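Participant: fold the following.
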Amino acid sequence: MSDFAGLDTHHNLKSSFAGESGTVQRYLYFAKIARIEGFLDVATLFDELSEGGLQNAHGSLDYLTEQALLAFQGWQ
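Facilitator: Coordinates of the predicted model:
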């Protein structure tokens, strides 16, 4: 196993990904409710916030995936 897996950075990236994923889902839900209630500007705002959160989540996941691939290549 990679040394990276035991680092605080690894744990923090996993936590960040989980947190951002949950936040994105909440923002999308809020956007849906705002749309239903006729607040289209508010819905757009929540959609944009969810996109930003999604980018953050993908950044964490990309880095974790890269580290996992490097660890796998080290086994060979």
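Participant: tell me how far the spatially most central residue of the chain lies from Ile33.
Facilitator: By CA atoms, centre = their mean, the mean C-alpha position of the chain lies nearest to Ala57, the distance being 1.8 Å. As judged by CB to CB, to the nearest Å, Ala57 and Ile33 stand 22 Å apart. From N, CA and C alone the C-beta is placed, and that goes for glycine too.
Participant: right, and the residue nearest to the centre of the chain touches Val24 too?
Facilitator: Yes. Using CB atoms under 8 Å, Ala57 is in contact with Val24, at 6.4 Å.
Participant: state the distance from the residue nearest to the centre of the chain to Gly6.
Facilitator: Where Gly6 is concerned, Ala57 sits at a distance of 23 Å (CB to CB).
Participant: and if you look at Ser60?
Facilitator: Applying CB to CB to Ser60 and Gly6 gives a distance of 18 Å.
Participant: and what of Phe30?
Facilitator: 37 Å.
Participant: quick one: stretch 31-51 to chain centroid distance?
Facilitator: 19 Å (CA atoms, centre = their mean, to the nearest Å).
Participant: mind listing residues that contact that stretch?
Facilitator: Stretch 31-51 is contacted from outside by 23-24, 27-28, 30, using CB atoms under 8 Å, 6 or more residues apart in numbering.
Participant: go again using 10 Å as the cut-off
Facilitator: Residues from elsewhere that reach stretch 31-51 (CB atoms under 10 Å, 6 or more residues apart in numbering): 20, 23-30.
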